[in-house]
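**Q** Provided below for reference: sequence and predicted model.
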Amino acid sequence: MIDFQQPYLSEIKKNKVKIKIVFSGGDSLSGLIIAFDNYSLLLRSEEKDYLVFKNNVNFIEPVKKFKFPND
């Protein structure tokens, strides 16, 4: 099985790319990924840290154009 999530999130974190997380219910939160594991993301938004559980995330998108190295 190919793991796309780990290298994608690592690259976003390393390059400090601001992202927008859209949750299953439609709400969203923007910020920088501070850390992540298989189940959660630590997101810094407006000087606050949020522990986001991935099972509630609909999708993640970069706020500005971001070229993933494998493209």
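**A** Structure's in. What do you need?
**Q** use CA for all of it now, contacts and neighbours both
**A** Will do.
**Q** for the lowest-mean-pLDDT helix or strand in the chain, give me every contacting residue.
**A** Across the helices and strands of the chain, mean pLDDT, DSSP states H and E gives its lowest value to helix 5-14, namely a mean of 93. When contacts are defined by Cα atoms under 8 Å, 6 or more residues apart in numbering, helix 5-14 is touched by residues 18, 32, 33, 34, 35, 36, 68.
**Q** direction included, what does the next helix or strand after it pair against?
**A** For helix 5-14, the following helix or strand on the C-terminal side (DSSP states H and E) is strand 19-23. Next to strand 19-23 in the sheet, as set by DSSP bridges, lie strand 28-36 (antiparallel), strand 57-62 (antiparallel).
**Q** name the residues of strand 19-23 that are buried.
**A** 19, 20, 21, 22, 23 (16 or more other Cα atoms under 10 Å).
**Q** and what of stretch 34-41?
**A** 34, 36, 41.
**Q** for it, C-alpha coordinates in CSV please.
**A** This file holds the C-alpha atoms of stretch 34-41, laid out as CSV (Å, rounded to 0.1, in the frame of the first residue of the first chain):
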residue,chain,number,x,y,z
ILE,A,34,3.2,21.9,13.7
ALA,A,35,3.2,18.1,14.1
PHE,A,36,1.1,15.1,13.0
ASP,A,37,0.8,11.4,13.5
ASN,A,38,-1.5,8.7,12.0
TYR,A,39,-4.6,10.0,13.8
SER,A,40,-4.2,13.8,14.4
LEU,A,41,-2.7,17.1,13.4
